[in-house]
Each structure stands twice: as C-alpha cells, then as structure tokens.
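Colleague: Quick one: sequence plus predicted model below, questions after.
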Amino acid sequence: MGPQRADLLKKELNIFTFRDLLELFPYRHVDKTRVNLIRDLMPGMDYVQVAVKILRFSLLGEGRAKRLVAQVADSTGTMELAWFQGISWIQKNLVEGQSYLVYGRLGFFNQMPQIVHPETEPWTPEKKEGREFLEPVYPATEKLKTRNLGGRQLAKLTHALLAQIHEKDVQENLPDSILSKLQLMSRYQAFRQIHFPSSNVQYSAAVRRLKLEELFLAQLRMNLLRSKRHRFSKGVVFDKVGEQFNTFYKKYLPFDLTGAQKRVLREIRNDSGSGKQMNRLLQGDVGSGKTIVALLTMLLAVDNGYQACLMAPTEILAKQHFATISSLLKEMPVNVELLTGSTKTSARKKLAKSLAEGNLEILIGTHAVIEEAVQFQRLGMVIIDEQHRFGVAQRARLWEKAEIPPHILVMTATPIPRTLAMTAYGDLDYSVIDELPPGRQPITTVHRFETQRSFVMNFLQAEIDKGRQAYIIFPLIEESDKLDYENLYRGYETVKTYFPEPKYWISMVHGRQPADQKEQNMQRFVTGDTQIMVSTTVIEVGVNVPNASVMVIESSEKFGLSQLHQLRGRVGRGAEKSYCVLLTGSKLGNDARERIKIMTSTSNGFEIAEKDLELRGPGDIEGTRQSGMLSFKLANIVEDRPLIEEAKAAVAELLENDPDLVSAENLRLKSFLQQQKGKMAWSKIS
Ligand SMILES: Nc1ncnc2c1ncn2[C@@H]1O[C@H](COP(=O)(O)OP(=O)(O)OP(=O)(O)O)[C@@H](O)[C@H]1O
C-alpha cells in the first residue's frame, strides 16, 4: 500500500499497524458462497447472487428516470439489471455476451426479477460455485469509500494480510489454562475466523473468544490497579473513633442509623484505618441517607486531627448540605464553612486563612473548593457528592492538596447496575446503602394524560390544602433552548390560574436565574413560605424537603428512566404518603410507554437502572460515557452479561493463584498487558 492510502487509513480509522487492521472487525458478513438460480428467485429474498450472461443492454427513460438496463439469463430464466448512475462506466466495463457473477438486493419490476446497482465480477461457467468464503463487511467512512478504500478494499487488504501470516505471528495473550478451561480457540484462529469464517459455528466461536479476551483483559487490568493501590498507595491513618464522633453519635444524631448505614460506616472506618488510601464509591438510592454517613465520616477525620471537605455538584446542593450539616453540628465545637463561586472575596480570604492554619475543620462547597488558592493544612478526607458531575481530572487535582493523598469517598444516588459498576468503577471499592430509613411509605406513581390536567390539579389542591407541598417539573433538555423556557413560563402561568395568590404561593427555579434569586426561591419553598415549586430539572439531585409529598412531571415522556427516578426521589422523604404523577401527551412511542410502565411499577432504583441499561444501552448511562471504560470493540455490556460473568470468574481464579502474574504460564499475559499500556499511552499523545 502506498503512503497516501496508508495515511488515509491512519486518519480515518486509526489503523497504524497490521494488528490494527486485524482488529478492525467486520460488522456483518454477506453470504456469496451460494449461487441462486433465476427460476428460484422469489419476492422477499433480500440479497441474492446469480451467475448470468449479459444478453443485451438498452438505454431507457429521460432525465432522472434515465437508466441502463441489461437483460441477463442463466440456464433457468431471464432477469434484469439496472443502473441509474455510473452508466458510462458500466457500458465501458461490462460486455454483452460475457458472463458475470452478480450480487445485490432483489426487487421485482413488472414481475420481472431485477437488481438495481448490483456488484459484478467476471465469471467463467466452469466455476460452478460462488466465493469460497463469507465476505466481511467493514465500517468504512465516506471519505474512504470515495478514495477507493471502501469496505471491499478493506476486505481485500485483510484477506491479503491473513494469507501472509501464520500462527506464530499472532501472539497468544491468554494463558493455556484459561484457553482450555473456557474452551477458546487460539487468537490467531479467532482473527482468521472473525474475518473470513469457514462456517457459522466457527464465526461464533471466534466472536466469543475475542469478546471474552476483551472482557477478561479489562477486568484483569481493573483488578490489578485496585490491588496495586491497596498495596502501595500510602494513606493517612484514622486509627481512632474519638470525642467528636462519639459525642455526636450519642447526643445529636436525630435518628438511629439503618443497618446499611452502619455497615457502610464500618467499611469506611476499616479503609481509613488501614494505612492505605481509601477510594470508595458509595451508592445509595435516592433518600437512603447518605448525608449522615458523610457527616460521620468527616467527624472521623476531625477526631484524627485532619480536615475534611465535602463537594457538591451545584451551588444549591452545597448550600443545602451546609445548612443540614451546620445545624446538626450547632452544639458541637467543630467549625464548618461554605465555599462556592459566589462567596465574596473578603470571606474567601478569611476562609483560606483559617483553612491554612488548620482552624477550620470542615469545608463544604462546590468545585470552587479545588481551586488552587485553597490550601488545607491537613486535608485527610474528601467526599464528592454525585460523582458524575465531577471529571476524573478534577478529582485528580485533590491529590495535589496534600502530601499524602486524602481518602476519597464518592457518593452517588444514580444507581449503577452491578455489571456496569464492576466494569466502569472496578478500580474503586464499592459500598451500597440498600435500605431505606424506617417509616417511609412507598410513593404511589400514576400516569395521566395532559387532557386530564384539571383532575390532577384538583388532586394537587387537595393535598396542598392538607398542608403538603408540591413540585411541578418541566423538561428542559437544553439549558439554552428558548422553546423550553417558553414552555416553562407558560406552564408557570397556567399553574398560577389554578393556584391564585394570596391563598397559594409559588416558587420558580431554573438554570438561567442568577444564583441569589434561585437560592431565594428555593429557600422560600424549603421554609414552607411557598407551597408549590415550579422547576426545571435543576431540582434533580439531592434537594431535601420532607414536607413535599406530591410531584407532577410534565411531558414526562421526554425524560429518561434514571432521570425520572431521580426526580421522583424528591418526594417520599418524610412521613406523609407521597404521590408522583407522570403527565404525558396522548401519543406515546414504544420506548416512552415502556419507561412509564416501569416507573409506575417499581421504585427500586437498582431495578430501574437495570431496565434503563436494557432500553438505552451503556452509552447513555450518565457518567459512564466519559469513563471510556465501557467502549469495547466487540463485547456489549448488556447482551454479553454471561460472558462478563465468565470473564470475571476466570480473572478471580487467575489472581487467586498468581496475584502478581509471575508464573511462567502467565508471563505472556503480563507482557501483553505491558505492551498495551505502552500502546494506550502512545495513542493518547498522538
Ligand atoms: N437512619 C435514618 N432514619 C431516619 N431518617 C433518616 C435516616 N437517615 C437519613 N434520614 C433522613 O432521610 C432523608 C434523606 O436523607 P439524605 O438527604 O441523606 O438522602 P440522600 O441519600 O442524600 O438522598 P438523595 O441522593 O436523594 O439526596 C433526610 O431527611 C434524612 O434526615
């Protein structure tokens, strides 16, 4: 291949080496091994291949209907081929009286079998059969197609490459024990068979081998990372549970902890006392009580002479955490401060000083906390709420804030299905609060059409008149979308007509408001001055108003499952019976109907997350997209769960027997991983 085409392959498909070419997998195969007879052609056959002689060409039609038609025949009948484009090329290259192998999608025109724009190649009648292999189809880009490097040429290249290499050229990377245990074909065979399968059975075996390899290596890498961290990363040691923790626990804790909360605290204490750095993901469904776990964890740091900080994704949430935590700690000799983007410079300076001097024990804030000017004296514990809003890079900056890296606890209310968590966050340790505080009543969720709006409003009114509060949520897909805002304002006006002042008061909150206005409206709802909160999804995470017991979600067909679940989690946080009404238009697509059905039938976040994964695939699960961990070449995290389990078991067994991969049998695996590491780092730079 000349330098120009090689360059194109690099630019368009990231193909630099022979191996890259082998790893460009076909997304399907076409079966050109069989030759159909014309008399057997029937409507509904889709793609067919025939071996025919061209009887005569005729040029028909005018303008856009202008076409070249060839009458062709085999020994069993006649049919037509037609071209609307590239006519002169065809006239030059196909010859009357010659035989061709013709492949394409079968149609019928005036009851005559016809193929429009067929693929053709010269054919001699001695060749009874078609090709000897299934032809692979590759994902070529438009640019490649126009430069004569389309799918067919890629197939030719791969075919030529495979003809030149042998078993010894494609190093096996999996240990023999795994190959025989999982009954996998060799890597070399797998590459051959995935491109040019000798049968369907062989093809499936090749795909299975390569998928398992991907999953096995990904999980192995995660496991090695984690155990490396466990063994080598030094962390600050919290070896005691001291006065602040105990005093708070005995005197000021407003309720008994649930079993799950206690368990998670134990896990955190074990980690942070071990001398290793903690890196833990804490998942808890909406309303499961993560805040108190965060607070007790921070007190643990304080008792051991360290500072702690809690970061939230939005200003509203940071303030809410600050309000909750400072009020819980108001009788305690522990200093807590708030730092957000809107903290005034003078306050900021004061705060920075007391942080640096070590007088301030707990800092709560938005990502303003990780700005360079903020220096802690002894930062020992960082808690990040709602991790998916923080980038990995932002997390890494925390390391620079202390000599020994602080412990990190990442809290998320987005339940991540187990398979995903395992694959995407496999390098973090993992805790779950899988139990709701006692006394919660299940939320009743119903679906209503917009035409039933006045019934819904009447219901809302009855609840409000009982002293409850309500949310009305409008979809806002794009914060910048003007139309969405118009809907919101119109909606607000409509709500007002049902709930006139001064009997009722309404707060409105959305992403475009100045921070102080947003805060003020929010605060009025929190304190109960307003009974209704009209809001966009800025309310989605973490807002805690236990007296709010009804939520109406407008145009709920526009939301994804996880988001609906998050939103609904804003109600049902107190002792009152809570309701969620999903309003939709009258026409619903299948997916939307399915989502509504799931929402009305379960309130278990983990169950919903599983369904969401099935409906949307992993690409859309929040927070996993950037992680890059889930972009497998072949494996699919939803469909290939059994393979994921197989790979996981194999990794566990391997590491149990040889945790450092030092045995002779595992050396090739180890060196393969090291090569890969080099390759990955390199491709990032380029
Ligand atoms: N063990 C408990 N017993 C009784 N109530 C509790 C318990 N733990 C937490 N709560 C209360 O439950 C409510 C929800 O707790 P919290 O705000 O911590 O939830 P969360 O896990 O942060 O949920 P979200 O992610 O939805 O914000 C709060 O009002 C809190 O005071």
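Modeller: Received, thanks.

Colleague: which residues touch the longest strand along the chain?
Modeller: Longest strand of the chain, by residue count under DSSP state E: strand 47-60. By Cβ atoms under 8 Å, 6 or more residues apart in numbering, the list of residues contacting strand 47-60 from outside reads 30-32, 34-38, 41, 66-74, 78-79, 87, 91, 94-106, 115, 123, 125, 127, 130. C-beta coordinates here come from the backbone N, C-alpha and C atoms, glycine included.

Colleague: C-terminal to that strand, which secondary structure element comes first?
Modeller: As assigned by DSSP states H and E, the chain's next helix or strand after strand 47-60 is strand 67-74.

Colleague: What is the helix or strand just after that following strand packed up against?
Modeller: Next helix or strand after strand 67-74 toward the C-terminus (DSSP H and E): strand 77-83. In terms of contacts (3 or more Cβ pairs under 8 Å, 6 or more residues apart in numbering; DSSP states H and E), strand 77-83 is packed against strand 47-60, strand 67-74, strand 99-109, strand 112-116.

Colleague: one more time with 7 Å
Modeller: strand 67-74, strand 112-116 (3 or more Cβ pairs under 7 Å, 6 or more residues apart in numbering; DSSP states H and E).

Colleague: Now do the shortest one against strand 77-83, angle only.
Modeller: Between strand 112-116 and strand 77-83, the angle formed by their directions is 30 degrees, by axes from the mean of the first three to the mean of the last three Cα atoms, to 10 degrees.

Colleague: start at 31 instead
Modeller: Fine by me, first position is 31 from now on; the one you just mentioned is strand 142-146.

Colleague: which parts of strand 142-146 are buried?
Modeller: 143-146 (16 or more other Cβ atoms under 10 Å).

Colleague: Neighbours of the closest residue to Glu695 other than its chain neighbours, how many?
Modeller: Excluding the flanking residues, the one nearest Glu695 by Cβ to Cβ, 6 or more residues apart in numbering is Pro205, at 4.9 Å. When counting by other Cβ atoms under 10 Å, one arrives at 21 neighbours for Pro205.

Colleague: Likewise for Arg94?
Modeller: Arg94: 7 neighbours (other Cβ under 10 Å).

Colleague: Repeat that for Gly91.
Modeller: Neighbour tally, Gly91, other Cβ under 10 Å: 11.

Colleague: Can you verify my assumption that it contacts Ala112?
Modeller: No. Gly91 is beyond contact range of Ala112, at 10.1 Å (criterion: Cβ atoms under 7 Å).

Colleague: Which neighbours do these two have in common?
Modeller: The overlap between the contact sets of Gly91 and Ala112 (Cβ atoms under 7 Å, 6 or more residues apart in numbering) consists of Arg97.

Colleague: Check the separation of the first and last residues in stretch 296-315.
Modeller: 19 Å (Cα to Cα, to the nearest Å).

Colleague: Please spell out which residues along it are buried.
Modeller: Buried residues in stretch 296-315, counting neighbours by 16+ other Cβ under 10 Å, are found at 297-299, 301-303, 306-315.

Colleague: swap in stretch 233-243?
Modeller: Result for stretch 233-243 [16+ other Cβ under 10 Å]: buried residues 233, 235-243.
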